[in-house]
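The following comprises the amino acid sequence and a computationally predicted model.
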Amino acid sequence: MIRTAFCALMLAFALTAPGLADAARVEALATRIAPEAERRADLYKSAPAAPADTPAPGDALLADLTDFALAARALSQEIEASGGPQDLRCIFRGMSGDVTDRITALDAAQTRADLSRAYIEIARLAGQAQRIASYPELAAQSAPEPCMGE
């Protein structure tokens, strides 16, 4: 939690105006994705052994996940272009890639319990992105030191 807040401060400091727009887009998408994924996770907890439903083509959540992956990648590239912290660049690039893994988990789900777990992971990913990307107003503060490796 402390590392998340610390990295959020670094993100806010490191971003230029276009980067702030990318951060706002990531935050907005994550804000939509997290509660919907949580709702679906709860829905699929009933009858956990029942066969999984395949996500429908045109599903709004899948569209948001695709947009989120693109926005996270753009934010990562903006951080890199502005000379921002490597940890943040890697975090958002990783989040972008994680979306593909989460969608693959939805497609591979055999039971409703599998779907529930996949949606829980999507909600967790979106929640983390929302927390990290939600501090652009801190950009005016002094530069924090770089994130330390764990």
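Great, that's in hand.

any idea how far Asp87 is from Arg131?
15 Å (CB to CB, to the nearest Å). Glycine gets a C-beta too; all of them are placed from N, C-alpha and C.

Spit out the contact partners of Val26.
Residues counted as contacts of Val26 (CB atoms under 8 Å, 6 or more residues apart in numbering) are Phe68, Ala71, Ala72, Leu75, Phe92, Ala129, Ala133.

With respect to pLDDT, which of the residues you listed ranks lowest?
Ranked by pLDDT, the contacts of Val26 bottom out at Ala133, which has 85.

Roughly how far does that residue sit from Phe68?
Ala133 sits at a distance of 11 Å from Phe68 (criterion: CB to CB).

More neighbours: which of these two?
The residue with the greater number of neighbours, taking Ala133 and Phe68 and applying other CB atoms under 10 Å, is Ala133; the counts read 30 against 25.

from memory that one sits against Ala21, does it?
No. Ala133 sits out of contact with Ala21 when judged by CB atoms under 8 Å, with a separation of 11.2 Å.

All the helices of the chain, residue numbers only.
2-14, 17-43, 60-81, 86-108, 112-133 (DSSP state H).

I'd like these as TSV, with distance to Ala49 appended.
Shown next, in TSV, are the helices of the chain (distance: least, CB to CB, whole Å):
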stretch	distance to Ala49
helix 2-14	35
helix 17-43	15
helix 60-81	24
helix 86-108	17
helix 112-133	7
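
and these, which is most packed in?
Per-stretch averages of neighbours, counted by mean count of other CB atoms under 10 Å, single out helix 112-133 among the helices of the chain, with a mean of 21.

helices or strands up against it?
Under the contact criterion of 3 or more CB pairs under 8 Å, 6 or more residues apart in numbering; DSSP states H and E, helix 112-133 touches helix 2-14, helix 17-43, helix 60-81, helix 86-108.
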